[in-house]
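> Fold the following, please.
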Amino acid sequence: VQLVESGGGSVQAGGSLRLSCAASGLPDATNYMAWFRQAPGKELEGVAAIVTGAHNKYYAGSANGRFTISQDNAKNTVFLQMNSLKPEDTGMYYCAARLSPYGTRWEGFDYWGQGTQVTVS
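Numbering: from 1, shown residues only. Sure thing, here's the model as predicted:
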C-alpha cells in the first residue's frame, strides 16, 4: 500500500494550494480517507475526511469553509483544496486511509503517507 502526497509548497497568506494523495494497493474495502496536519511543536490534528464512494465529508473547525476534500471517480486519488490560507495552516500534511467507515472521525487509520509540507507566510 502506498499513499503519496503532493502539492505542498510555500504560499502567502490568503493564497491557495491543492494537495493530492495518490493511493495504490489499497484494499477494495477501504472506505474512509482523511487529511491530517502537524505543525511544528504541535500534535497531529485531523483536517478533513471523506467516506469514499458515499462522498460524506467532514471538516475540522479550523478548515470549515476554507478547505474542500474530494476524490476522483476511480477513488484512487484524494484532494484537499485549501483556500484563504493562514500562517497557522503551516505544517506537514498527511494523507491517511482507513478500512472502516465507522468509528471516531480522526482515529483508527490503517495507512499513512509520508507527508507534504505547507508553509504559509
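
> Check which helix or strand Glu43 maps to.
Under DSSP states H and E, no helix or strand contains Glu43.

> Over to it: give its phi and psi.
With angles defined as degrees, to the nearest 10, Glu43 sits at phi -80, psi 160.

> Near it, how many other residues are there?
6 (other Cβ atoms under 10 Å). Glycine gets a C-beta too; all of them are placed from N, C-alpha and C.

> got a pLDDT number for it?
Listed pLDDT for Glu43 reads 96.

> In contact with it, which residues are there?
For Glu43, no residue meets the contact criterion (Cβ atoms under 8 Å, 6 or more residues apart in numbering).

> if I look at it, how far off is Arg37?
10 Å (Cβ to Cβ, to the nearest Å).

> Next up, identify which helix or strand the residue nearest in space to the middle of the chain is on.
Geometric centre of the chain, nearest residue: Trp35, 1.9 Å, by Cα atoms, centre = their mean. Assigned by DSSP H and E, Trp35 belongs to strand 32-38.

> Now that strand: buried residues?
Neighbour-count burial for strand 32-38, counted by 16 or more other Cβ atoms under 10 Å, picks out 32-37.

> Closest to Ser20 out of those residues?
Here the nearest of the buried residues of strand 32-38 to Ser20, counting by Cβ to Cβ, is Trp35; it sits at 10.6 Å.

> That closest one is in contact with Cys21, isn't it?
Yes - between Trp35 and Cys21 there is a contact under Cβ atoms under 8 Å: 7.4 Å.

> list residues touching both of the two?
78, 80, 95.

> From Lys86, how far out is Met33?
Met33 is 24 Å from Lys86, by Cβ to Cβ.

> swap that for Pro101, please
Distance from Pro101 to Lys86, by Cβ to Cβ: 30 Å.

> where exactly do the strands run in this protein?
2-6, 9-11, 17-24, 32-38, 45-51, 56-59, 67-71, 77-82, 91-98, 111-112, 116-120 (DSSP state E).

> Export these as a markdown table, with columns for distance to Arg105.
Shown next, in a markdown table, are the strands of the chain (distance: least, Cβ to Cβ, whole Å):
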| stretch | distance to Arg105 |
| --- | --- |
| strand 2-6 | 18 |
| strand 9-11 | 27 |
| strand 17-24 | 17 |
| strand 32-38 | 8 |
| strand 45-51 | 6 |
| strand 56-59 | 6 |
| strand 67-71 | 12 |
| strand 77-82 | 16 |
| strand 91-98 | 10 |
| strand 111-112 | 16 |
| strand 116-120 | 21 |
